[in-house]
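Asker: Using only what follows, build the 3D model:
(2 chains)
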Amino acid sequence: MLVHNTVITDYIVVSILTQKNENSLNVSFSFMTTNSLELVLGNQELNILRKLTCFKGIKEASMALVLNSCLEMHCIFSIKALLLRQTSCKLNEQSLKQLNRMTSCYVVHEAPVRRVAIFGGTHGNELSGVFLVKHWQENGAEIQRTGLEVRPFITNPSAVKKCTRYIDCDLNRVFDPDNLGRQITEDIPYEVRRAQEINHIFGPKNSNDAYDLIFDLHNTTSNMGGTLILENSRNNFTIQMFHYIKNALAPECCPVFLTEHPNLKYATTRSIAKHPVGVEVGPQPQGVLRADILDKMRKIIKHGLDFVHIFNEGKEFPPCTIEIYKIMEKVDYPRNKNGEITAVIHPSLQDQDWQPLNNGEPIFLTIDGETINYEGDSTVYPTFVNEAAYYEKKQAFVKTVKVKLTAKVAKPFLPDPDTSSLILKAPKTAVKNAALNKADSCP
Amino acid sequence: LCSSPSNRSRPLSRVAVSGGTHGNEMSGIYLAKHWLRNPMELRRGSFAVTPFLGNPRAIEKCVRYVGRDLNRTFTTEFLSSAEAEDKPYEVVRAREINQTYGPKGSAQAFDFMFDLHNTTANMGACLIVDSEESLLPMHMCHYIQTHYTRSPCPIYLYKLLGEETYSINSVAKAGLALELGPQPQQVVRADLFTQMRDLMACALDFIELFNKGTVFPAFEIEAYKITGRMDYPRYPDGEISAMVHPKLQVGVDWK
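Answerer: Residues are numbered from 1 along each chain as shown, chains lettered A, B, ... in the order given. Below is the predicted model:
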């Protein structure tokens, strides 16, 4: 019995079970979707093409394919899912849990990435992104690519004007469902109101209308170089992009930081996109503009956009593996009973982002000159070491571990002349489904 | 620069040190807070230094200032203008400091004030004096340069000709500012923190020797005197239109 599982997009998971009998192949599948979709099940070798129309929810279906010869049953079924444009729908806890349990990827056909945004000024005193976005708003030639809409945008203009991180609260922490759905009152924090506006323009988050890709530009006082931030370890498209950027910038290092974690992951501005990408370049003091740091950020964006363009043209990117740093734990400064910091980052750890930290090595230095050492079973790789903005977040540095992430083949799903008739039919069914589904309640 | 032996009239007895004149320059803030808890480090045989937090409200918010730059507010204009309710916090604070450690220009003023700063610029361990005519601070700088050898300590003379002094330490009869960088605002780097502490210890050693009657002979010294200040190129609306060139950015302060 062969089991093939395929992930199509964040909204649909299809697991396929194939069972070979003497001269037939039984394919049964179960899936879950937030949108109505049409599944086209095909296999080029066997010259099979079947169409299924499905409604929202958890569904199971099976089909039997009768074969004329006994072929080796490791054929690849390509699933082309045509997502019909629907209004967004929130998954409830239970459905989400179920969705997360269905995993893995065999052949992935991604939707082409058409709508891209570049955010600067999410923190108003991180100037590289502010400067670049303002420049691109005046002259966007550098960020244009054919087949792509690239929109530069200042996310926190009030904070940018005051050259401060935020006005009321950190914009990059309020894109969670509670804050996005909060009622607007007189005393709502500026950033929550702003988050809702941004969600309206570039989202809604978790819907099919959301932007495909957002680059969110940041600086740090930590010595992190040009770090790329990944939110989802299964986002094939983003891993492929990061692989491309790393190769383009080599031999210069481009560390990849994975923030996926049940408790530590935070609701970022960029998370409204289907493919969120964080770009964190340092060291640069807040409120300061360094030409070399700006240049590094600019290069990262250039290569990122080049990748998207090449991808959209239909290029197939073979499977690739990248080394990434996965977040494990935050470490606070030692504090006294009044909550005041009693020790600072040790000179041996200062500026050593991404370098191995072993048991027994110094991490803090008290005012009295006493060294505090790291105690842990294994080597960790610290990052965000001595980031200015994190003193209030009780974070001296973050521990990460090195992990290898593999991306499957990435290829855009582009309309195929053979199946185009099917696609043309889809919109009609979509309208019908839309009418039906608007009345539906969400799963 | 060639200076005659400094005035031997009286030992220094009333000395102060300000940390956090700018609320986000952390080395001085951490040091001042430490000294307020443990004043022993600031004691010597013949005198003791009074530590204080220059701009407490800015320190609380971890910003440079809340209303206006405290370290530009010690001019006659701000120190003596009429009472007004809508004065920025720093003007009120400047007057408090002037009352406690001054009045500026009077015989009652403190003998010496240290002012602790950080900069994002790559200035190293910079000693700031208003001008070469301030003999006592210049002798102190010379002593520091010869006794603190871990890194060079460039001297910066900040006062332009004809300009009135405006800094916090101008309240006292003589003063010295320590400007250590590069350090981002709101960040404490252990290396600079230690360096600032050691430089202060060295400066206090000098005062102790001076008070005990040590003769400091004339000397020649190199210092960097301000000739002008250079703004960024700007667009008509005031926005910055160019950055410091990479060739000037990296390791070029003082070259």
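
Asker: Start and end of stretch A:363-379, how far apart?
Answerer: 13 Å (CA to CA, to the nearest Å).

Asker: could you give the mean pLDDT of that stretch?
Answerer: For stretch A:363-379, mean pLDDT is 95.

Asker: try stretch A:266-276
Answerer: So the average pLDDT for stretch A:266-276 ends up being 94.

Asker: Now for residue A:364, which secondary structure element holds it?
Answerer: Element membership for residue A:364, per DSSP states H and E: strand A:362-366.

Asker: Looking at the chain, which helix is longest?
Answerer: All of this refers to chain A. Longest among the helix segments of chain A by residue count, using DSSP state H, is helix A:291-312.

Asker: ah, I was thinking of chain B
Answerer: Across chain B, the longest stretch assigned as helix under DSSP H is helix B:190-211.

Asker: I'd like the next helix or strand past that one.
Answerer: Note on helix B:190-211: by DSSP H and E, the next helix or strand toward the C-terminus is strand B:224-225.

Asker: quick one: strands adjacent to that following strand?
Answerer: Strand B:224-225 pairs in its sheet with strand B:155-157 (parallel), by DSSP bridges.

Asker: Name every strand pairing with the helix or strand that the partner strand is followed by and say which way it goes.
Answerer: Using DSSP H and E, the next helix or strand after strand B:155-157 towards the C-terminus is strand B:174-181. Here strand B:174-181 is paired, per DSSP bridges, with strand B:112-118 (parallel), strand B:124-129 (antiparallel).

Asker: Of these, which is nearest residue B:197?
Answerer: Proximity to residue B:197 (CB to CB) singles out strand B:112-118 among the strands paired with strand B:174-181, at 9.8 Å. Just so you know, the C-beta spots here come from the backbone N, C-alpha and C atoms, and that holds for glycine as well.

Asker: hmm, back to that, I'd like to know which elements the strand holding residue A:364 is packed against.
Answerer: Counting contacts by 3 or more CB pairs under 8 Å, 6 or more residues apart in numbering or on different chains; DSSP states H and E, strand A:362-366 is packed against strand A:343-345, strand A:371-373.

Asker: what angle separates that strand from helix B:190-211?
Answerer: 30 degrees (axes from the mean of the first three to the mean of the last three CA atoms, to 10 degrees).

Asker: Excluding chain neighbours, what is closest to residue A:179?
Answerer: residue A:192 (5.1 Å; CB to CB, 6 or more residues apart in numbering or on different chains).

Asker: For residue B:254, report the pLDDT, please.
Answerer: pLDDT, residue B:254: 83.

Asker: which bits of the stretch 301-443 of chain A sit near chain B?
Answerer: Remark: the part of the stretch 301-443 of chain A in contact with chain B comprises A:340-341, A:344-347, A:350, A:365, A:367, A:386-389, A:391-392, using CB under 8 Å from any CB of the partner chain.

Asker: Filter those down to the buried ones.
Answerer: Among those, the ones that count as buried by 16 or more other CB atoms under 10 Å in any protein chain shown are A:341, A:344-347, A:350, A:365, A:367, A:386-389, A:391.

Asker: coming back round to it: buried residues of the longest helix of chain B, list them for me.
Answerer: Buried-residue list, helix B:190-211, by 16+ other CB under 10 Å: B:190-197, B:199-200, B:202-208, B:210-211.

Asker: ok, and which of those reach chain A?
Answerer: Near chain A, by the rule CB under 8 Å from any CB, you find B:190-191, B:193 out of those.

Asker: ok, the residue nearest to residue A:375 when sequence neighbours are not counted - contacts?
Answerer: In space, and not counting its chain neighbours, residue A:375 is closest to residue A:359: 6.3 Å by CB to CB, 6+ apart. Neighbouring residues of residue A:359 by CB atoms under 8 Å, 6 or more residues apart in numbering or on different chains: A:373-378.

Asker: Which residues of the stretch 51-200 of chain A lie near chain B?
Answerer: A:131, A:134, A:164.

Asker: Mind giving me the ChimeraX command for buried ones among the residues you listed?
Answerer: Selection of buried members from these for ChimeraX, criterion 16+ other CB under 10 Å:
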select /A:131,164
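
Asker: and residue 163, how many residues sit next to it?
Answerer: Just so you know, I chose chain A. 13 (other CB atoms under 10 Å in any protein chain shown).

Asker: meant chain B actually
Answerer: 12.

Asker: Over to residue A:187?
Answerer: Neighbours of residue A:187 (other CB under 10 Å): 5.

Asker: That one and chain B: what is the separation?
Answerer: The gap separating residue A:187 from chain B is 20 Å, by CB to the nearest CB, to the nearest Å.

Asker: Need the contact partners of the helix or strand harbouring residue B:32.
Answerer: Residue B:32 belongs to helix B:26-37 when assigned by DSSP H and E. With CB under 8 Å, 6+ apart as the test, helix B:26-37 has contacts from A:340, A:344, A:367, B:17-21, B:23, B:41-42, B:49, B:51-53, B:59, B:115-118, B:178, B:180, B:183, B:185-189, B:192-193, B:196-197, B:200.

Asker: Buried only: go through those for me.
Answerer: Using 16+ other CB under 10 Å, the buried ones in the contacts of helix B:26-37 are A:344, A:367, B:17-21, B:23, B:42, B:49, B:51-53, B:59, B:115-118, B:178, B:180, B:183, B:185-189, B:192-193, B:196-197, B:200.

Asker: hey, where'd the strands end up in the stretch 51-200 of chain A?
Answerer: A:57-66, A:78-83, A:108-110, A:115-120, A:149-154 (DSSP state E, counting those that start in this stretch).

Asker: Tell me where the model's unsure across chain B.
Answerer: B:1-9, B:82, B:84-85, B:251-252 (pLDDT under 70).

Asker: in it, which residue is closest to the centre?
Answerer: residue B:177 (1.9 Å; CA atoms, centre = their mean).

Asker: Report the contact partners of that residue.
Answerer: Taking CB under 8 Å, 6+ apart as the test, what residue B:177 contacts is B:114-117, B:127-129, B:167, B:169.

Asker: low-scoring pLDDT stretches of the stretch 101-250 of chain A, where are they?
Answerer: In the stretch 101-250 of chain A, residues with pLDDT under 70: A:101-110.

Asker: Check it for the residue nearest chain B and tell me.
Answerer: residue A:221 (4.0 Å; CB to the nearest CB).

Asker: any residue of stretch B:248-255 up close to chain A?
Answerer: Yes: contact between stretch B:248-255 and chain A, assessed by CB under 8 Å from any CB, occurs at B:249-250.

Asker: So what touches that stretch?
Answerer: Contacts for stretch B:248-255 (CB under 8 Å, 6+ apart): A:290-292, B:121-124, B:154, B:224.

Asker: hmm, back to that, same list (the contacts of residue B:177) but as JSON lines, adding distance to residue B:237.
Answerer: Shown next, in JSON lines, are the contacts of residue B:177 (distance: CB to CB, whole Å):
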{"residue": "B:114", "distance to residue B:237": "40"}
{"residue": "B:115", "distance to residue B:237": "35"}
{"residue": "B:116", "distance to residue B:237": "36"}
{"residue": "B:117", "distance to residue B:237": "31"}
{"residue": "B:127", "distance to residue B:237": "38"}
{"residue": "B:128", "distance to residue B:237": "33"}
{"residue": "B:129", "distance to residue B:237": "38"}
{"residue": "B:167", "distance to residue B:237": "31"}
{"residue": "B:169", "distance to residue B:237": "36"}
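
Asker: Closest one to residue A:260 out of the residues you listed, please.
Answerer: Looking across the contacts of residue B:177 and measuring by CB to CB, the closest to residue A:260 is residue B:117, at 41.4 Å.

Asker: where does that closest one sit relative to residue B:196, distance-wise?
Answerer: 9 Å (CB to CB, to the nearest Å).
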